[in-house]
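In: model this:
(chains A, B, C and D)
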Protein chains: 2
Amino acid sequence: MTDRNGEVRMEQQPVTMADVARAAGVSVTTVSYVLSGKRPVAPAKRDAVQAAITKLGFRLNTVAQSLRTGRSSTVALIIPDIANPFYAQLARGLQDALRPDKYHVVVCNTNAERAEELLYLDDAVKRWLDGVVITPSWLVPDDFDALQAAGIPVVVSADTEMDGLDLVRADSQGAIDQAVGHLAREGHRRLGMLVGPAGTPAGDPRLELYRAAAGRHGLDLPASLVVRGKHTREAGVAGLRRLMNRKNPPTAIACVNDLTAIGALEAAEQMGLAVPSDVALIGHDDIEVASLVRPRLSTIRYPAHEVGSACGRLLLERIGGRAGQAEVALRTQLVLRETI
Amino acid sequence: MTDRNGEVRMEQQPVTMADVARAAGVSVTTVSYVLSGKRPVAPAKRDAVQAAITKLGFRLNTVAQSLRTGRSSTVALIIPDIANPFYAQLARGLQDALRPDKYHVVVCNTNAERAEELLYLDDAVKRWLDGVVITPSWLVPDDFDALQAAGIPVVVSADTEMDGLDLVRADSQGAIDQAVGHLAREGHRRLGMLVGPAGTPAGDPRLELYRAAAGRHGLDLPASLVVRGKHTREAGVAGLRRLMNRKNPPTAIACVNDLTAIGALEAAEQMGLAVPSDVALIGHDDIEVASLVRPRLSTIRYPAHEVGSACGRLLLERIGGRAGQAEVALRTQLVLRETI
DNA sequence: ATGAAAGCGCTAACAC
DNA sequence: GTGTTAGCGCTTTCAT
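Out: Sure thing, here's the model as predicted:
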């Protein structure tokens, strides 16, 4: 390699503990213990070691440490897409919770594909990661067997329980009920929904919640008015078009998240439909853009950053060895803006 | 730990290569080579090894591999904040470029603080990361000496060259010139700017570009009209307020990025100022929300995803051992919407 | 309070 | 084509 002046430079040999020990006139054991503080060291030697460390520019080799201890100080965050603002916020929350303990977090994008999810789980055991937090799109509990066998704690962030795994969720039931109640009062009778694939954590739970609320408030949410798709803006535009082109379209549409709702908003505008007078629209998550679009999106606030940090704290407990299954449920909240 | 049924379960011993070798009746060398393919192995033994691997559920221990080879297959992405959509996009681009090679990327949020930046750089050498891509807020070339000494490739994503380091940038000069030209034609004469701290890669370059363009087109960009701050929405609202409360306010404001521009937009609305008739506003980056706010934000498109993947490709080259300094410059482009 | 030494699981000379 | 073996740099038991 070349340095800043274009001259060839040797890569320096890394300085090891043995080097420090030699320079300080002590054993590597002593060096190790001044670093870890796990056993008392005579002040004189302590100082000698510190001096040698700074003089030589020694840095503890974390991978050797990991090989020895079996702990890597890194956790994986496995999500559909970091470019989705919801997950970016969640990632931030997780990292904030983990930083005091100096964990690294590697973020893994699955594009909501099962193969990718599996691959990253496998990676986690191969790399001896200390934990994983995941928002699964297609995984079932059995898929985590290898992790469990390897003793790697998993916390899942999802709406719905995954048999035996730690869970961080937000309970949207109350907020959804309120939203649907509001719709009913506004005179809506036919509700449509844009949601994820059937049979997945990303598809069923929110739909069920809306279905139940619709029943309670006397709205119709017929199967013909639920359209399945990805959780993207594009899916939102496609979804609204399909719904509003039905012979008997809904007057209100619930969207699985804000991204799809925003797509729906665009599509409505393109079709010349006014929101909420021609179609009411409701999102989920309350990502930042929700309040930036016009009309401002009514949505169900799902606190991504808090979810992330809750996942982090739970993970830390598990890594620390505290066993047992936990389910932490965050508060969700209807935020009424201009689209319903 | 407890398994899904609540029963206590032992953590299984990891299966090692030695186990596989024993089961297959070969040496660990052979196992290693069937895995790496770095030397031919007799088909019969190959099959025996494969069989043993699947039978025992063996997984290569990556950290042992790293200790031995000195390569960790992970790189760091060091940025101010993953919750900023621009960086989230960049992260995605980087990951997409790196995935075929199975690199892990750990994302590190610095909050644009020098201490954090330094800390993560140090981490990179301690963990023997294979490379780092960074958008520095405060670092100077000397800060990278330890990485260079350790032979860890660095690519920086910034507007301005950092002496001796690989750089991925976009050249905004042309687009900024166009934007300012447009402003001049619209009759603007006093231009203000919201920008980062002086003396930093986040502060100076874009300001200089605007200053030069202003000069060329006969606009004034006096020091009294440049306000320094963070690159956040909040800084945007504060900034616009300060500027528009001057005795002699600007008629147009250039913002260092879209987030601040959006903050400015909000502040303008709150102050009852119409955009662009009372103040024209221009952003930078063209993150997704730019086209979602009303009025739609005119901005300079800086392709985050492409930048990220360019960083990834460059890093791969360097890790592969190709030396030399590169500077890749992406295309930037004025996108005219409704705010200027 | 300190040190010697045995590995953690793997790779890659170096023999054969 | 295959195996033996010496480490990579650290932690930690065991002895002193």
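
In: Just give me the neighbour total for residue A:231.
Out: 26 (other Cβ atoms under 10 Å in any protein chain shown). Bear in mind the C-beta positions are built from the backbone N, C-alpha and C, glycine included.

In: Could you do residue A:55 as well?
Out: Counted by other Cβ under 10 Å, the residues lying close to residue A:55 total 12.

In: ok, residue A:332 - contacts?
Out: By Cβ atoms under 8 Å, 6 or more residues apart in numbering or on different chains, the residues touching residue A:332 are A:170-172, A:174-175, A:300-303.

In: Let's have these in JSON lines, adding distance to residue A:41.
Out: JSON lines is the format used below for the contacts of residue A:332 (distance: Cβ to Cβ, whole Å):
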{"residue": "A:170", "distance to residue A:41": "49"}
{"residue": "A:171", "distance to residue A:41": "52"}
{"residue": "A:172", "distance to residue A:41": "55"}
{"residue": "A:174", "distance to residue A:41": "57"}
{"residue": "A:175", "distance to residue A:41": "57"}
{"residue": "A:300", "distance to residue A:41": "56"}
{"residue": "A:301", "distance to residue A:41": "52"}
{"residue": "A:302", "distance to residue A:41": "50"}
{"residue": "A:303", "distance to residue A:41": "46"}
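
In: Between those, which sits nearest residue A:327?
Out: When these are ranked by distance to residue A:327 (Cβ to Cβ), residue A:171 comes first, at 10.3 Å.

In: can you pull up the bridge partners for that closest one?
Out: residue A:331 (DSSP bridges).

In: DNA strand D versus that one, what's the distance?
Out: Distance, residue A:171 to DNA strand D, by Cβ to the nearest atom of the strand, to the nearest Å: 41 Å.

In: my read: that residue touches residue A:329, true?
Out: Yes - the pair residue A:171 / residue A:329 is scored as a contact, 4.9 Å apart, by Cβ atoms under 8 Å.

In: contacts for stretch A:169-178?
Out: A:157-161, A:206, A:209-210, A:212-213, A:216-217, A:254, A:284, A:300-303, A:307, A:327-334.

In: Just those residues: which are in helices?
Out: Among the contacts of stretch A:169-178, the ones falling in helices (DSSP state H) are A:206, A:209-210, A:212-213, A:216-217, A:307.

In: Taking those residues together, which two end up most distant?
Out: Checking the ones in helices among the contacts of stretch A:169-178 with Cβ to Cβ, the most distant pair is A:217 and A:307, at 27.8 Å.

In: So which of those two has more stuff around it?
Out: Shown here are residue A:217 and residue A:307; by other Cβ under 10 Å, residue A:307 has more neighbours (23 against 18).

In: May I have the predicted confidence score for that one?
Out: Note on residue A:307: pLDDT of 96.

In: got the buried residues for stretch A:194-207?
Out: Neighbour-count burial for stretch A:194-207, with 16 or more other Cβ atoms under 10 Å in any protein chain shown as criterion, is recorded at A:194-196, A:200-207.

In: now these in TSV, with secondary structure, pLDDT and distance to residue A:277?
Out: Shown next, in TSV, are those (DSSP: H, G, I helix; E, B strand; the rest coil; pLDDT from 0 to 100; distance: Cβ to Cβ, whole Å):
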residue	secondary structure	pLDDT	distance to residue A:277
A:194	strand	97	19
A:195	strand	95	24
A:196	coil	91	28
A:200	coil	84	34
A:201	coil	80	34
A:202	coil	77	31
A:203	coil	81	29
A:204	helix	88	31
A:205	helix	90	30
A:206	helix	93	25
A:207	helix	95	25
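
In: will you turn these into a markdown table that also has distance to chain B?
Out: Below are the buried residues of stretch A:194-207 laid out as a markdown table (distance: Cβ to the nearest Cβ, whole Å):
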| residue | distance to chain B |
| --- | --- |
| A:194 | 18 |
| A:195 | 22 |
| A:196 | 20 |
| A:200 | 20 |
| A:201 | 17 |
| A:202 | 19 |
| A:203 | 23 |
| A:204 | 20 |
| A:205 | 20 |
| A:206 | 23 |
| A:207 | 26 |
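
In: Now flag whichever of these is closest to residue B:133.
Out: residue A:202 (30.7 Å).

In: wait, doesn't the closest one sit right on residue A:139?
Out: No - taking contacts as Cβ under 8 Å, residue A:202 lies outside contact range of residue A:139: 10.9 Å.

In: Three-state assignment for residue A:63, please.
Out: helix (DSSP: H, G, I helix; E, B strand; the rest coil).

In: residues touching it, list them.
Out: B:63, B:66-67, B:72, B:127-128.

In: let's see 6 Å
Out: B:63, B:66-67, B:128 (Cβ atoms under 6 Å, 6 or more residues apart in numbering or on different chains).

In: what's the spacing between the worst-scoring helix or strand of chain A on mean pLDDT and its chain's center?
Out: Within chain A, no helix or strand scores below strand A:327-331, which has a mean of 88 by mean pLDDT, DSSP states H and E. Its chain's C-alpha centre and that of strand A:327-331 lie 15 Å apart, by Cα atoms, centre = their mean, to the nearest Å.

In: again with stretch A:107-116
Out: Centroid separation for stretch A:107-116 versus its chain: 12 Å, with Cα atoms, centre = their mean.

In: Give me the residues contacting that stretch.
Out: Contacts of stretch A:107-116 (Cβ under 6 Å, 6+ apart): A:76-78, A:80-82, A:91, A:117, A:120, A:137-138, B:95, B:107.

In: Check stretch A:284-295 too.
Out: A:85-86, A:257-258, A:262, A:275, A:283, A:297, A:299-302, A:335, A:338-339, B:289, B:292-294.

In: List the buried residues of it.
Out: Within stretch A:284-295, the residues scored as buried using 16+ other Cβ under 10 Å are A:284-290, A:292-293, A:295.

In: and those residues as JSON lines, adding secondary structure?
Out: Formatted as JSON lines, the buried residues of stretch A:284-295 follow (three-state DSSP):
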{"residue": "A:284", "secondary structure": "strand"}
{"residue": "A:285", "secondary structure": "strand"}
{"residue": "A:286", "secondary structure": "coil"}
{"residue": "A:287", "secondary structure": "coil"}
{"residue": "A:288", "secondary structure": "helix"}
{"residue": "A:289", "secondary structure": "helix"}
{"residue": "A:290", "secondary structure": "helix"}
{"residue": "A:292", "secondary structure": "coil"}
{"residue": "A:293", "secondary structure": "strand"}
{"residue": "A:295", "secondary structure": "coil"}
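
In: Could you export the residues you listed as JSON lines, including pLDDT?
Out: As requested, the buried residues of stretch A:284-295 are exported to JSON lines (pLDDT from 0 to 100):
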{"residue": "A:284", "pLDDT": "96"}
{"residue": "A:285", "pLDDT": "96"}
{"residue": "A:286", "pLDDT": "97"}
{"residue": "A:287", "pLDDT": "96"}
{"residue": "A:288", "pLDDT": "95"}
{"residue": "A:289", "pLDDT": "95"}
{"residue": "A:290", "pLDDT": "97"}
{"residue": "A:292", "pLDDT": "94"}
{"residue": "A:293", "pLDDT": "95"}
{"residue": "A:295", "pLDDT": "95"}
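
In: how about TSV for those, with distance to DNA strand D added?
Out: Shown next, in TSV, are these (distance: Cβ to the nearest atom of the strand, whole Å):
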residue	distance to DNA strand D
A:284	45
A:285	42
A:286	44
A:287	41
A:288	42
A:289	45
A:290	46
A:292	48
A:293	51
A:295	57
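
In: so which of the residues you listed comes closest to residue A:133?
Out: residue A:285 (17.4 Å).

In: If you rank the contacts of stretch A:107-116 by neighbours, which is first?
Out: Using other Cβ under 10 Å as the neighbour test, these are led by residue A:77, with 28 neighbours.

In: where does the residue in the stretch 51-200 of chain A positioned nearest to DNA strand C land in three-state SS?
Out: In the stretch 51-200 of chain A, no residue comes nearer to DNA strand C than residue A:68, which is 3.8 Å away by Cβ to the nearest atom of the strand. The local conformation at residue A:68, judged by three-state DSSP, is helix.

In: doesn't residue A:78 fall inside a strand?
Out: Yes - assessed with three-state DSSP, residue A:78 lies in a strand.
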